[in-house]
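Colleague: just to be clear, the model below is a prediction. Sequence and coordinates:
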Amino acid sequence: AQSVTQLDSQVPVFEEAPVELRCNYSSSVSVYLFWYVQYPNQGLQLLLKYLSGSTLVKGINGFEAEFNKSQTSFHLRKPSVHISDTAEYFCAVSEASGTYKYIFGTGTRLKVLA
Amino acid sequence: ETGVTQTPRHLVMGMTNKKSLKCEQHLGHNAMYWYKQSAKKPLELMFVYSLEERVENNSVPSRFSPECPNSSHLFLHLHTLQPEDSALYLCASSQDSGTLYGYTFGSGTRLTVV
């Protein structure tokens, strides 16, 4: 079985500063990894995903994430955040065999301060 | 209308009421999901339908009853709920298991059981 841990429940950061949101996973099989964002009063939206190949993946809104197999991590980064990035961010993992379920983390609330 | 649409956006119901949540997707996807989102907890997968057949049922109490009449519509019928069932209920859809393109989520129904 897989599990996902998002180590920080809340991350405050000033506008235009860099940010890293941490995600660690555990699994006995190969996995695919995802980051989703949820803006207030909305559903989740896919930011980026890692399936295979290059370990650095780029997503929408200037976000990127790096897959590190040895550390079983998939941290999300952005070099310069905007007020509009204030949202909740969810890391998720699914088995590479293509089952119909993701395992989601508990989420990290990113608060960008002016 | 495009994407995944959920109605109603907000619902308050008593413990003896019967109500239904509706989800509609206009993306041509062949899989649909119900998730429960409670504060401070990971998203909980409730039901998965693939090609209108239920493929996953994560030990959800029988007071929640899903229905998928066709590949575009998904319902969640509710009866004799408990206060702890108050949460945001999210519908999602995907093409196949969602590993290649991710899930598309609706904006959710905020359910309050009184």
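Modeller: Perfect, thanks for sending it. Since the structure is predicted, the reported quantities are computational estimates derived from the model, not experimental observations. Numbers count the residues shown, from 1 in each chain, chains lettered A, B, ... in the order given.
Colleague: where in the chain is pLDDT low?
Modeller: Since you didn't name a chain, this refers to chain A. A:98 (pLDDT under 70).
Colleague: hm, I was asking about chain B
Modeller: For chain B, applying pLDDT under 70 flags the ranges B:1-2.
Colleague: show me what the helix or strand where B:Met46 lies is in contact with.
Modeller: Counting by DSSP states H and E, the element that carries B:Met46 is strand B:44-50. With Cβ atoms under 8 Å, 6 or more residues apart in numbering or on different chains as the test, strand B:44-50 has contacts from A:100-102, B:30-38, B:54-58, B:60, B:64, B:66, B:68, B:74, B:76, B:96. All C-beta atoms are positioned from the backbone trio N, CA, C, and that covers glycine.
Colleague: which ones among the residues you listed lie within strands?
Modeller: Counting by DSSP state E, the contacts of strand B:44-50 place B:31-37, B:54-57, B:64, B:66, B:68, B:74, B:76 in strands.
Colleague: the residue positioned nearest the centre of chain B and A:Asn68, how far apart?
Modeller: In chain B, the residue lying closest to the centroid (Cα atoms, centre = their mean) is B:Trp34, at 2.9 Å. Remark: distance between B:Trp34 and A:Asn68 (Cβ to Cβ, to the nearest Å) = 33 Å.
Colleague: residue numbers of chain B in contact with chain A?
Modeller: By Cβ under 8 Å from any Cβ of the partner chain, the residues of chain B that approach chain A are B:4, B:6, B:31, B:33, B:40-43, B:45, B:48, B:50, B:55-56, B:58, B:90, B:92, B:96-108.
Colleague: change it to 10 Å
Modeller: Counting by Cβ under 10 Å from any Cβ of the partner chain, the residues of chain B close to chain A are B:3-4, B:6, B:9, B:31, B:33, B:35, B:37, B:39-45, B:48-50, B:55-56, B:58, B:88, B:90-92, B:94, B:96-108, B:110.
Colleague: tell me how many other residues crowd the single nearest residue of chain B relative to chain A.
Modeller: Ranked by Cβ to the nearest Cβ, the top residue of chain B for proximity to chain A is B:Phe105, at 3.2 Å. Applying other Cβ atoms under 10 Å in any protein chain shown, we find 25 residues neighbouring B:Phe105.
Colleague: please apply the same query to the one 3 residues further on.
Modeller: Residues within reach of B:Gly108, counting by other Cβ under 10 Å, total 24.
Colleague: show me what contacts it?
Modeller: Contacts of B:Gly108 were listed using Cβ atoms under 10 Å, 6 or more residues apart in numbering or on different chains, and they are A:38, A:41-44, B:4, B:6, B:9-10, B:21, B:23, B:35, B:37, B:87-91.
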